[in-house]
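Novice: Fold the following and give me the result.
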Amino acid sequence: MSYELRTLKAARGTESEHDLAKRAGLPSLTITRVENGNRIRRNEADMLWQALTQATRTLGSGGNGTVTVTADTRGQSGTALSSVVTTGVGNDVALSAAIASNIVTVTLGTDSGGVADDTKNTAVLAAAVIDALTGVSAAASGNGSGVIPTSTSTPFAQTYSLAALGAVDMEA
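Specialist: Just a heads-up that it's a prediction; the model follows:
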């Protein structure tokens with residue numbers, strides 16, 4: 001089965017053909033073939049897509065309470081990241097985020113009694129503190145008013161599909 005990847009030039013941005021091929025573990029000629037409209041094998045298309053996609057992790061849930069955190073680097077290196085959401089210890093703790101040892105830690109803000117404060121821990125506020133970190137970006141869903149809950153350490157993951165990259169099955 002062969003595939004034509006119609007949007008590869010747009011997906012690789014300013015990265016050179018050689019650098020993309022190296023990251024994907026493919027010969028540079030494969031990238032040239034794709035960009036010239038030639039077919040490639042499914043395993044080559046899978047390798048390219050993995051090299052082009054960014055790993056993500058979703059915090060929270062719901063139309064207004066989800067934060068999608070995305071590794072800045074493309075490829076499987078982003079899957080080395082994980083995230084954890086904990087409640088701050090102490091009174092009047094501010095919502096914060098940090099990255100250390102490939103772990104994105106979000107510390108939820110607390111009120112004057114040391115309890116998690118929903119007004120300090122909305123998706124839009126959590127996305128803002130995470131987005132300020134180097135190495136990741138973050139965006140809240142909907143209006144961002146939903147509250148982010150605590151969560152255990154969960155790795156980032158790559159999700160990809162050939163259809164999302166404009167792959168067209170050329171042979172049955």
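Novice: Strands along the chain, start to end?
Specialist: Counting by DSSP state E, one finds strands in the chain at the ranges 2-5, 40-41, 54-60, 66-74, 82-87, 96-100, 103-108, 136-140, 151-155, 167-169.
Novice: Show me the domain layout of the protein.
Specialist: Using automatic domain parsing, the domain parsing of the chain gives 2-52, 54-155.
Novice: Minimum distance to residue 129: which of the strands of the chain has it?
Specialist: If you check each of those against residue 129 by C-beta to C-beta, strand 96-100 wins as the nearest, at 4.3 Å. Glycine gets a C-beta too; all of them are placed from N, C-alpha and C.
Novice: Give me the contacts around that closest one.
Specialist: For strand 96-100, contacts defined as C-beta atoms under 8 Å, 6 or more residues apart in numbering pick out 81, 88, 104-107, 109, 126, 129-130, 132-136.
Novice: now with 7 Å?
Specialist: Strand 96-100 is contacted by residues 104-107, 129-130, 133, 135-136 when judged by C-beta atoms under 7 Å, 6 or more residues apart in numbering.
Novice: partners of that strand in the sheet?
Specialist: Neighbouring strands of strand 96-100 in its sheet, by DSSP bridges, are strand 103-108 (antiparallel).
Novice: Show me what the partner strand is in contact with.
Specialist: Identification of contacts with strand 103-108 by C-beta under 7 Å, 6+ apart yields 59, 69, 81-88, 93, 95-98, 116, 121, 126, 130, 136, 148, 150, 153.
Novice: Ok, stretch 142-156 next?
Specialist: Counting by C-beta under 7 Å, 6+ apart, residues outside stretch 142-156 touching it are 55-57, 59-60, 62-65, 67, 71, 78-79, 81-87, 103, 108, 118, 121-124, 126-127.
Novice: Having no further points to raise, I will conclude here.
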